[in-house]
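> kindly return the folded structure for what I paste below:
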Amino acid sequence: MNHSLGMAIETLVAILLMLTIVYCVMLNKRLTRLKADEHSLKAVIGELITATEIAERALGGLKLAERDVNENLGSQLAAATQMSDQLYKQLGEADNVVRRLSKIAIAARPAASPETAAVPAAKPSSAKAVAAAAEAFSERRRSNGLAA
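Purely as a prediction, here's the structure:
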């Protein structure tokens, strides 16, 4: 029995050694795959870092472009507002000029009476024309000296 017990223990140790060797071979294959995955993972991480740097540079360029566009649009908007104000003032002045011209034209027309309706228009009264012209000049002086 002594001999068979020793043989059983030796067989058991041999079987355990065989299982250990098989497990070590499997573990070696897994470690080899893991190292290969590690290299591919490092390559992917490197590509991600490069892509991130490119994106950061692109964002910086976009921010500069946005700032330039905002400045240009702001200055153009200010210029457009100023021009709009100038046009509004000029329209007001033009309205005043038209009113003055219509006053001059009305003053220069002869008064229509039933007797002169059939007769061709007479020469306008020079006194009325002079008065209308004087009024137009005085209004022009009052409106900051702008010429009619």
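> now the lengthiest helix in the chain: how far from the chain's centre is it?
The longest helix of the chain (DSSP state H) is helix 2-108. In terms of Cα atoms, centre = their mean, to the nearest Å, the centre of helix 2-108 is found 20 Å from the chain centre.
> in terms of secondary structure, what does it contact?
When contacts are defined as 3 or more Cβ pairs under 8 Å, 6 or more residues apart in numbering; DSSP states H and E, helix 2-108 packs onto helix 126-142. Every C-beta, even on glycine, is put in place using the N, C-alpha and C of the backbone.
> and the angle from the helix it packs on to helix 2-108?
For helix 126-142 and helix 2-108, the angle between their directions (axes from the mean of the first three to the mean of the last three Cα atoms, to 10 degrees) works out to 150 degrees.
> for helix 126-142, what is the average pLDDT?
In this model, helix 126-142 carries a mean pLDDT of 71.
> send the alpha carbons of it over as CSV?
Output in CSV follows, covering the C-alpha atoms of helix 126-142 (Å, rounded to 0.1, in the frame of the first residue of the first chain):
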residue,chain,number,x,y,z
SER,A,126,-43.7,140.7,-59.4
ALA,A,127,-44.5,141.8,-55.9
LYS,A,128,-45.9,138.4,-55.0
ALA,A,129,-42.9,136.6,-56.6
VAL,A,130,-40.5,138.8,-54.7
ALA,A,131,-42.4,138.2,-51.4
ALA,A,132,-42.4,134.4,-52.0
ALA,A,133,-38.7,134.4,-52.8
ALA,A,134,-37.9,136.5,-49.7
GLU,A,135,-39.9,134.0,-47.6
ALA,A,136,-38.1,131.1,-49.1
PHE,A,137,-34.7,132.7,-48.4
SER,A,138,-35.7,133.4,-44.8
GLU,A,139,-36.8,129.8,-44.2
ARG,A,140,-33.6,128.6,-45.8
ARG,A,141,-31.6,130.7,-43.3
ARG,A,142,-33.6,129.3,-40.4
